[in-house]
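just a sequence and a predicted model for now, questions to come.
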Amino acid sequence: MVLVFEIYGDMAMFRKPYTTTSMVSFPFPPPTAVAGIIGAIIGLKHGADINAKNASYWAEMEGSQVAVGIRRPISWMTTSVNLMKFKTPSAIMGEHIQVKHQFVKKPRYRIYLRGGRIYNELKKRLEKGEFVYTPYLGVGYALAEVSFIGEYDEKDVDRESVELDTVLPYYSGMELDIVAGGNIHRETVPFRTDELRKLQDSVLVFYPEYSRNMSKSPQIVLRKKGTTMISQVETEKVAWFNGW
């Protein structure tokens, strides 16, 4: 069984780790951000009250798999955000810096989850339309709305050639049909950290060009799926990230 829900809001900012004073965003939540959003919904404690580096909820993510779909065209917004200076005791409230932020404007994403020990608790929270901690889209001032779509059976997709409705993690033996799929972008995104937020794995992903003028959502077309796990969930073809 697969749980399907959507997250959306006025803006999102999933910061790329190599950016410092100018914050640049991924166009969609990487698996690490999805884990945080799920942890907030079901109320997993991260232990940051003991050590700011803690991310102890990762132990509960073991065995779960997720997929991410982009449900609205990607639209960017750049602005400066005032940040107060609190690092030194002598700093006063009027001291601040302006940091450029790149936001995704009016984003909407579809999240798919299967397996793992968190499945039943997440299902219960989604069905009730509640969450324990406030979910947000990358940063605390980008609050997220959560909409439960449903719980569905899935079927394995055995054929090699397939059109996808989600972003595509790249795994061995996979071949894209660039001509059939049109414009395709690529990103290397963080996949998993340890319980002290140290990066453990990253993954290369592909996603199609989304335009507001399109009559339907664009799709990535695979010539060969290789070792990539692909399922049919209702009418959608879903490409799964490996299990955490």
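Alright, I've got the coordinates.

contacts only, for residue 160.
222-225 (CB atoms under 8 Å, 6 or more residues apart in numbering). Glycine gets a C-beta too; all of them are placed from N, C-alpha and C.

among those, who's most crowded?
Top of the contacts of residue 160 by neighbour number is residue 222, holding 26 neighbours under the definition other CB atoms under 10 Å.

I'd say that residue and residue 180 touch.
No: the criterion here is CB atoms under 8 Å, and residue 222 misses it with residue 180 at 9.4 Å.

low-confidence regions, this structure specifically.
Along the chain, segments meeting pLDDT under 70 span 85-94, 181, 210-218.

now the spatially most central residue of it, what's its secondary structure?
Central residue of the chain (CA atoms, centre = their mean): residue 29, 2.5 Å from the mean position. Assigned with DSSP: H, G, I helix; E, B strand; the rest coil, residue 29 falls in the coil class.

same question for the one 4 residues further on.
Using three-state DSSP, the three-state assignment for residue 33 comes out as helix.

could you do residue 125 as well?
Once three-state DSSP is applied, residue 125 turns out helix.

ok, it - contacts?
Neighbours of residue 125 in contact, by CB under 8 Å, 6+ apart: 41-42, 131-132.

go through the host helix or strand of residue 98 and flag the buried ones.
Using DSSP states H and E, residue 98 sits within strand 96-105. Neighbour counts over strand 96-105 (16 or more other CB atoms under 10 Å) mark 101-104 as buried.

ditto for stretch 129-149
Buried residues in stretch 129-149, counted by 16+ other CB under 10 Å: 131, 135-139, 142, 144, 146, 148.

any idea how far apart the tips of it sit?
End-to-end distance of stretch 129-149 (CA to CA, to the nearest Å): 11 Å.
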